[in-house]
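Peer 1: structure of the sequence below:
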Amino acid sequence: MEPAVLTDITQNVSTGSLPGWERVDELVREAHRRYADERSGTVADYIPVLAEVDPELFGLALIESNGGLHDAGDALHSFSIQSISKMFVYALAIQEHGHARVRELVGVNNTGLSFNSVMAIELNGGHPMNPMVNAGAIATTALMPGTTSVEQWERLRDGLSAFAGRPLSLDGVVYSSEAETNDRNRAIGRLLRSYGRLEGEPDEVVDVYTRQCALSVTAHDLAVMGATLADGGVNPVTGERVVSADVCRDTLAVVASTGLYERSGEWLFEIGLPAKSGVAGGIVAVSPGKGAVAGFSPRLDPAGNSVRSQLAIGHLSRSLGLNLFASAPVTPDALHR
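Peer 2: Now for the predicted structure:
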């Protein structure tokens with residue numbers, strides 16, 4: 001499928017705030033209705049349990065930085081977070097170790113290759129390049145504090161739960177299914193260790209990474225998690241500070257250029273928002289200072305990004321003025337304020 005092109009949706013521009021609650025709610029529901037019948041794409045099948053999901057599921061959620069909640073469709077249906085976990089674990093790693101260390105170890109540049117590429121590691125002298133591909137994400141997971149893999153897992157789950165504003169649990173069926181087909185990630189872990197880019201025992205780190213991808217979330221959860229990054233690290237629902245504002249900036253900058261794999265540049269050009277996708281069908285996009293919108297629908301494009309979620313988020317980016325790069329001429333009245 002070609003990248004989402006939404007030329008029939010007027011690009012509105014907002015300057016730091018969203019419209020009133022009722023207008024936002026109306027547009028969220030409109031975006032959901034508009035793309036509910038879109039059936040392009042196919043469900044992921046390289047993880048056996050994901051191939052069994054109902055392809056008609058479609059949820060959409062928007063959480064405002066002031067805590068306003070907007071859900072539509074299957075926004076409360078649970079699914080595995082998969083690669084969307086990478087952006088939040090990356091934020092936790094920066095919070096723990098600082099900007100410079102994580103940047104040096106993991107990197108911030110797009111590989112231009114698939115998310116699970118081994119070639120990208122070899123071509124870059126063992127450097128994982130960025131935290132949104134599997135190599136970089138595995139290296140990032142290894143940075144979680146803890147003297148054992150069990151402690152690292154608990155710290156990781158607690159951190160992602162703080163982003164979501166509720167305790168997140170492991171989907172054991174998804175974890176088992178992924179663990180049985182995880183040879184490539186194990187190879188990546190060992191390759192990183194051979195280059196001195198991985199802290200800890202590779203198979204244990206990969207197991208923690210596999211668990212993080214199997215955490216169960218909803219589109220509503222993802223929107224709350226994204227809104228925490230939009231709100232300078234404070235969860236807008238619970239009021240808890242999860243990470244610092246500087247960590248949010250670093251995280252969103254990397255996600256903007258790498259969050260949708262090899263389609264990241266096209267997404268940023270068309271939609272204009274930092275966003276992260278996962279092969280279970282979720283996408284979360286963040287508009288700093290305003291909030292976050294998350295979609296869930298299992299049918300994916302060839303790069304592994306949910307088709308309906310891309311379209312619905314693109315609709316809201318335009319209609320709510322979320323695009324970071326959109327601008328409009330200053331009106332004469334504004335010049336005299």
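Peer 1: any idea which element the residue nearest to the spatial centre of the chain lies in?
Peer 2: What sits nearest the mean C-alpha location of the chain, by Cα atoms, centre = their mean, is residue 276, with 2.8 Å. Using DSSP states H and E, residue 276 falls within strand 275-277.
Peer 1: determine the set of other helices and strands touching that strand.
Peer 2: Where contact means 3 or more Cβ pairs under 8 Å, 6 or more residues apart in numbering; DSSP states H and E, strand 275-277 is packed against helix 245-258, strand 282-287. In this view, the C-beta of every residue, glycine as well, is placed from N, C-alpha and C.
Peer 1: next one: the last one to chain centre, how far?
Peer 2: On the basis of Cα atoms, centre = their mean, to the nearest Å, strand 282-287 sits 6 Å off its chain's mean C-alpha point.
Peer 1: how about the strands of the stretch 151-300 of the chain, start to end?
Peer 2: 216-217, 275-277, 282-287, 291-296 (DSSP state E, counting those that start in this stretch).
Peer 1: go on, the stretch 1-150 of the chain?
Peer 2: Counting by DSSP E, counting those that start in this stretch, the strands of the stretch 1-150 of the chain are 59-64, 69-73, 79-80.
Peer 1: least trustworthy helix or strand in the chain by mean pLDDT?
Peer 2: The helix or strand of the chain with the poorest confidence is helix 119-123; it has a mean of 51 (mean pLDDT, DSSP states H and E).
Peer 1: which one of the strands of the stretch 151-300 of the chain lies nearest to residue 267?
Peer 2: Residue 267 lies closest to strand 275-277 among the strands of the stretch 151-300 of the chain, at 6.3 Å (Cβ to Cβ).
Peer 1: contacts for that closest one, please.
Peer 2: With Cβ atoms under 8 Å, 6 or more residues apart in numbering as the test, strand 275-277 has contacts from 83-84, 86-87, 132, 255-256, 259-261, 267, 283-286, 304-306, 309, 313.
Peer 1: quick one: mean pLDDT over it.
Peer 2: When pLDDT is averaged over strand 275-277, the result is 97.
Peer 1: next one: residue 142 from residue 84, what distance?
Peer 2: Using Cβ to Cβ, to the nearest Å, residue 142 is found at 19 Å from residue 84.
Peer 1: residue 322 too?
Peer 2: Using Cβ to Cβ, residue 322 is found at 18 Å from residue 84.
Peer 1: which stretches of the stretch 1-150 of the chain have low pLDDT?
Peer 2: Residue ranges of the stretch 1-150 of the chain with pLDDT under 70: 1-7, 11, 13-15, 107-130.
Peer 1: show me where it has helices.
Peer 2: For the stretch 1-150 of the chain, the helices defined by DSSP state H, counting those that start in this stretch cover 21-35, 85-97, 99-106, 119-123, 134-141, 149-164.
Peer 1: mind listing what's buried along the first one?
Peer 2: Across helix 21-35, burial judged by 16 or more other Cβ atoms under 10 Å covers 24, 25, 27, 28, 31, 32, 35.
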